[in-house]
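>>> this is a predicted model, with the sequence first.
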Amino acid sequence: MIKIYSTTHCPYCKMAKDYFDKNKVEYKDYNVEADEEALADMVKKSGQMGVPVIDIDGTIIVGFDRGAIDHVLSHKK
C-alpha cells in the first residue's frame, strides 16, 4: 500500500498525488495538519517534518522525487 503524508497547501504534495492519479496508482492520503497520529507516524518513519513523505510498502521517499518513485514502483510489480 502507498501512503502519502501531506499538508493542504504543499505544492509538492499536490504534484505527487497528481502524478499517482495520472499513472493510475492507488494511494491513501494522510493530512498531517489535521491528523496528529499520522504526523507522529510520518516522523517516526522518516525522521522528517517536511512533506510529502511517501511510503511505498515500507520504502520511504521524502519529497516528490519522481525518479525514486518510479524506481520503487518498477520493482514492486
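That came through fine.

>>> pLDDT below threshold where in this structure?
Within the chain, the segments meeting pLDDT under 70 span 77.

>>> would you map the strands across it?
Secondary structure of the chain (DSSP state E): strands at 2-6, 28-31, 53-56, 59-62.

>>> out of the ones you listed, which comes closest to M42?
Nearest to M42, of all the strands of the chain, is strand 2-6, at 3.9 Å by C-beta to C-beta. Using the backbone N, CA and C atoms, a C-beta is placed for each residue, glycine as well.

>>> which parts of the chain are helices?
Using DSSP state H, the helices of the chain run over residues 11-22, 36-46, 66-76.

>>> turn the ones you listed into TSV, columns for mean neighbour count and distance to I56.
Conversion of the helices of the chain to TSV gives the following (neighbours: other C-beta atoms under 10 Å; distance: least, C-beta to C-beta, whole Å):
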stretch	mean neighbour count	distance to I56
helix 11-22	15	10
helix 36-46	15	11
helix 66-76	13	5
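
>>> hmm, back to that, out of the strands of the chain, which gets nearest to S74?
That would be strand 53-56 among the strands of the chain, by C-beta to C-beta, at 11.0 Å.

>>> could you list the buried residues of the closest one?
By 16 or more other C-beta atoms under 10 Å, the buried positions in strand 53-56 come out as 53-56.

>>> can I get those residues in TSV including distance to Y30?
Formatted as TSV, the buried residues of strand 53-56 follow (distance: C-beta to C-beta, whole Å):
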residue	distance to Y30
V53	9
I54	11
D55	9
I56	14
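
>>> ok, residues contacting stretch 5-16?
4, 17, 29-33, 38-39, 41-42, 46, 51-55, 63-64, 69 (C-beta atoms under 8 Å, 6 or more residues apart in numbering).

>>> sorry, back to before: now the strands of the chain as TSV including distance to L73?
Formatted as TSV, the strands of the chain follow (distance: least, C-beta to C-beta, whole Å):
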stretch	distance to L73
strand 2-6	9
strand 28-31	16
strand 53-56	7
strand 59-62	10
